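Novice: A predicted structure for the sequence below; I have some questions about it.
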Amino acid sequence: MEPDDFQQVMKARQNVYDLLRCFFLQEPSEIFLTALKEENILNNLAGYDEDLDIGVELISTVISSLDISFIIPDLVAEFNRLFIGSLPIPLYESIYRSKTGLFMMEETVEVKKRDMEAGLVVNPENPFPDDHIGAELEFIFFLCQKAAQAEDEKLRETFLKLQENFFRDHLAVWISPLCDRLYQEAESSYFKGVARMTKGFVTWDYREIVSHFFDED
């Protein structure tokens, strides 16, 4: 792949992971949804994967509202119910993968080691453990950004290998059960769309892009 094409692919993936992390790390806001609507981001994601297409359509239906401010209170309430409330959906890899079903287990430690290996400095005041879905999506965002910025081929390969390993050992392993649970427990089309879109893009990206980083020409 030519350097310009490589940089374009990394920046495109970086932009999507920037969007996906926001779904899980911050409450829906009028500014965020208006930008999502006006910048036509979602339409550029259509046509790659069935789950992704369904997610894009569900979210697009919600943000097509003439008055986005009217729907914000209900979406914020659902965000809090799903992710913060007394019985939230678990958003931590360790809960889905550890034998005990508890978080802050060996998976959390392993993700922290990957962050440090890549040079990602996590704010110590960050309220989310390193294996939170938002933090893992942010890690891929960071690696895409570093790969796009790298001018040295060996450095680019380092950031690609970190991505490949992280998908294989972590993100790709638990994204489906998490998103399937979110889809089942969400009531709004918006959060059902977040579930299908996240599952669809991560699965497609790993299958079609990340798994082929080091294929021979």
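Specialist: Happy to help now that I have it.
Novice: need the helices for this protein, in chain order.
Specialist: Per DSSP state H, the chain carries helices over the ranges 3-25, 30-38, 50-63, 72-83, 93-97, 106-118, 133-149, 153-166, 172-185, 189-204.
Novice: okay, the angle between the longest one and helix 189-204?
Specialist: Angular relation of helix 3-25 and helix 189-204 on a 0 to 180 degree scale: 140 degrees, by axes from the mean of the first three to the mean of the last three CA atoms, to 10 degrees.
Novice: So for helix 3-25, mean pLDDT?
Specialist: The average pLDDT within helix 3-25 is 93.
Novice: which outside residues touch that helix?
Specialist: Contact with helix 3-25 is made by 1, 32, 36, 41, 45, 83, 91, 128, 132-134, 137-138, 140-141, 144-145, 147-148, 156, 194, 197-198, 201-202, 205, 209, as judged by CB atoms under 8 Å, 6 or more residues apart in numbering. (Glycine included, C-beta is placed from N, CA and C.)
Novice: where does the protein have low pLDDT?
Specialist: Applying pLDDT under 70 to the chain flags residues 1, 98-128, 216-217.
Novice: how many neighbours does the closest residue in space to F141 that isn't next to it in sequence have?
Specialist: Nearest residue to F141, sequence neighbours excluded (CB to CB, 6 or more residues apart in numbering): Y17, at 3.9 Å. By the criterion of other CB atoms under 10 Å, Y17 has 22 neighbours.
Novice: For Y17, give its distance to G134.
Specialist: 11 Å (CB to CB, to the nearest Å).
Novice: before we move on, what about I72?
Specialist: Counting by CB to CB, the gap from I72 to G134 is 20 Å.
Novice: just G193 next, same as before
Specialist: Taken as CB to CB, the span from G193 to G134 is 17 Å.
Novice: Mind checking which of those two has more residues around it?
Specialist: In this view G193 and G134 are compared by other CB under 10 Å, and G193 has more residues nearby, 24 against 18.
Novice: hang on, the more buried one packs against G55?
Specialist: Yes. With contact defined as CB atoms under 8 Å, G193 counts as touching G55 (4.6 Å).
Novice: V9: how many residues sit nearby?
Specialist: Considering only other CB under 10 Å, V9 is surrounded by 15 other residues.
Novice: what separates it from V210, distance-wise?
Specialist: Separation of V9 from V210 (CB to CB): 11 Å.
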